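>>> here are the coordinates; sequence isn't available:
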């Protein structure tokens, strides 16, 4: 494959990010899956004409494994990294986003959190709802640190089997193994990280065995929930918070699992408002009491 030959690097919000690029025209951003790299798209990009094709590498994957150390590399956080990178490389007006596997989950979160960055969305064999982690990932994740102790030949065999499960043709599976394996089998520490990636990249929603299935039932939105949405919209519009800050606040809630969706958003927004000095906790409590009194009286 001769299309994606130029690796480029940029620092976005303190994180060094890599991508491969070719072509000119409307931008199309490709997001790979697990455990691969931008080379996943080596047979796809040559088929896309009249476009500026950019294959972005998720933080902590491929050649960017070092950047993932001691950083959050969850699906949700990857969407934040992707948004930062797009703005840094001049794609603030958006691009068509193409996501495969785990990258499809990242693309969906980006579309939900930063819709202005997504002109179009293409998903192929993408994770969604509670489909993550898939069986092969569960198996590799269960190995954990054992991967670091395996002889190189054994690790190659396991990795090759993982690739074969995702391909219809053995020849292409072997080719894919040759493209991606060097990033993950270079050292015992990198092999261990390959197992850790399998464990860290998913969010709570995909762990049916621990957190139960996702509730797909319809929900009648209540007035206070609309108010929570409105508050978050205003905070975003006024530049008082970012998607990454909101995600960090939500994930830091001690009683996350006991809270509903809108309760999490309201609590996280309250946390950020106090943190940034926009309001004190006392002011928030006073206004909440006044609203409760008014609604209770009605």
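It's in. From a predicted model like this one, the values you see are computed outputs, not experimental measurements.

>>> Checking my notes, residue 116 in a strand, right?
No. Residue 116 is assigned helix when assessed by DSSP: H, G, I helix; E, B strand; the rest coil, not a strand.

>>> For it, give me its contacts.
Taking CB atoms under 8 Å, 6 or more residues apart in numbering, we find residue 116 in contact with 92-94. Where C-beta positions appear, they are placed from N, C-alpha and C, glycine not excepted.

>>> Quickly find the element holding the nearest residue to residue 170 once chain neighbours are set aside.
Once flanking residues are discounted, residue 170 sits nearest to residue 164: 6.7 Å by CB to CB, 6 or more residues apart in numbering. Using DSSP states H and E, residue 164 maps to helix 152-165.

>>> Following that helix in sequence, what is the next regular element?
Downstream of helix 152-165, the next assigned helix or strand under DSSP H and E is helix 170-185.

>>> okay, the angle between that following helix and helix 152-165?
With axes from the mean of the first three to the mean of the last three CA atoms, to 10 degrees defining the directions, helix 170-185 sits at 130 degrees from helix 152-165.

>>> Heading C-terminal from the lowest-mean-pLDDT helix or strand in the chain, find the next helix or strand.
Every helix and strand of the chain was ranked by mean pLDDT, DSSP states H and E. The lowest is helix 208-211, at a mean of 49. Moving toward the C-terminus from helix 208-211, the next helix or strand (DSSP H and E) is helix 223-237.

>>> Give me the angle between the helix or strand that that next one is followed by and helix 223-237.
Counting by DSSP H and E, the element after helix 223-237 in chain order, helix or strand, is helix 243-251. For helix 243-251 against helix 223-237, the angle between stretch directions is 140 degrees (the same axes, to 10 degrees).

>>> Residue 47 - how many residues pack around it?
Using other CB atoms under 10 Å, residue 47 is surrounded by 8 other residues.

>>> Ignoring the adjacent residues along the chain, who's closest to the most centrally placed residue in the chain?
The centroid of the chain falls nearest to residue 75 when counting by CA atoms, centre = their mean (2.8 Å). In space, and not counting its chain neighbours, residue 75 is closest to residue 105: 4.8 Å by CB to CB, 6+ apart.

>>> Please apply the same query to residue 160.
Excluding the flanking residues, the one nearest residue 160 by CB to CB, 6+ apart is residue 177, at 4.8 Å.

>>> wait, that neighbour sits on residue 161?
No. Using CB atoms under 8 Å, residue 177 makes no contact with residue 161, being 9.4 Å away.

>>> follow-up on the earlier one: the contacts of residue 116 into JSON lines, with extra columns for distance to residue 79, secondary structure and neighbour count?
Converted to JSON lines, these look like this (distance: CB to CB, whole Å; DSSP: H, G, I helix; E, B strand; the rest coil; neighbours: other CB atoms under 10 Å):
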{"residue": "92", "distance to residue 79": "16", "secondary structure": "coil", "neighbour count": "13"}
{"residue": "93", "distance to residue 79": "18", "secondary structure": "coil", "neighbour count": "11"}
{"residue": "94", "distance to residue 79": "14", "secondary structure": "coil", "neighbour count": "17"}
